[in-house]
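Student: Sequence isn't available, so here's the structure alone:
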């Protein structure tokens, strides 16, 4: 199979949008390294992103959906097919919508460090179409931001593209 390096961008929500060079060998991600395309990051990426390839092919990665077979918290699960998982979830959503209305479904997730490429795109469109309740889907950022706004007022954000013109940068 052909070996190649693809140019990409980091999916996390850091403000610097690191450019990536993703080396593909044998049809799989072989390594992820920095790309010099973005002058703001200058060929730097963090160790978390550099290790994404290990996460993709890691031994602990779930490869199929699991259904809980024991009591909640028991850690007992059985593998099921994707078709069965989708049927189970959509069937349960249909029951909830019929009995209580679509707003009885409350999607809840935490995006962590996911950015625009990996958070609240397809899932948000799906739940909007379903008619589910809407929720600011963060556990930490929204309450923390509300507290900071209440205590300090609105705070400006740095535009990293102007760093090159700065006389001093304090970190």
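Tutor: Everything's here; your move. Quantities reported herein were computed from a predicted structural model and do not represent experimental measurements.
Student: Show me where this protein has its strands.
Tutor: 4-9, 19-25, 28-34, 66-68, 77-79 (DSSP state E).
Student: Can you pull out the low-pLDDT segments for this structure?
Tutor: 1, 15-16, 110-120, 137-141, 155-160, 171 (pLDDT under 70).
Student: longest helix anywhere in it?
Tutor: The longest helix of the chain (DSSP state H) is helix 82-100.
Student: coming back round to it: residue 107: which of the strands of the chain is closest?
Tutor: Comparing the strands of the chain against residue 107 with CB to CB, the closest turns out to be strand 66-68 (19.5 Å). (Glycine included, C-beta is placed from N, CA and C.)
Student: That closest one pairs with which strands?
Tutor: Strand 66-68 has the following strand partners under DSSP bridges: strand 77-79 (antiparallel).
Student: coming back round to it: now the longest helix of the chain, how far from the chain's geometric center?
Tutor: Centroid separation for helix 82-100 versus its chain: 24 Å, with CA atoms, centre = their mean, to the nearest Å.
Student: for that helix, packing partners?
Tutor: strand 66-68 (3 or more CB pairs under 8 Å, 6 or more residues apart in numbering; DSSP states H and E).
Student: what does the strand it packs on contact?
Tutor: By CB atoms under 8 Å, 6 or more residues apart in numbering, the residues outside strand 66-68 that reach it are 74, 76-80, 84-85, 88.
Student: Make TSV from those and add neighbour count and distance to residue 130 to it.
Tutor: Formatted as TSV, the contacts of strand 66-68 follow (neighbours: other CB atoms under 10 Å; distance: CB to CB, whole Å):
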residue	neighbour count	distance to residue 130
74	9	30
76	12	30
77	13	26
78	11	27
79	12	26
80	14	22
84	13	20
85	15	17
88	13	16
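Student: any chance you could map the helices in this protein?
Tutor: 47-50, 52-56, 82-100, 122-130, 141-152.
Student: Any idea which of those helices gets closest to residue 5?
Tutor: Shortest distance between residue 5 and the helices of the chain, using CB to CB, is found for helix 52-56: 12.9 Å.
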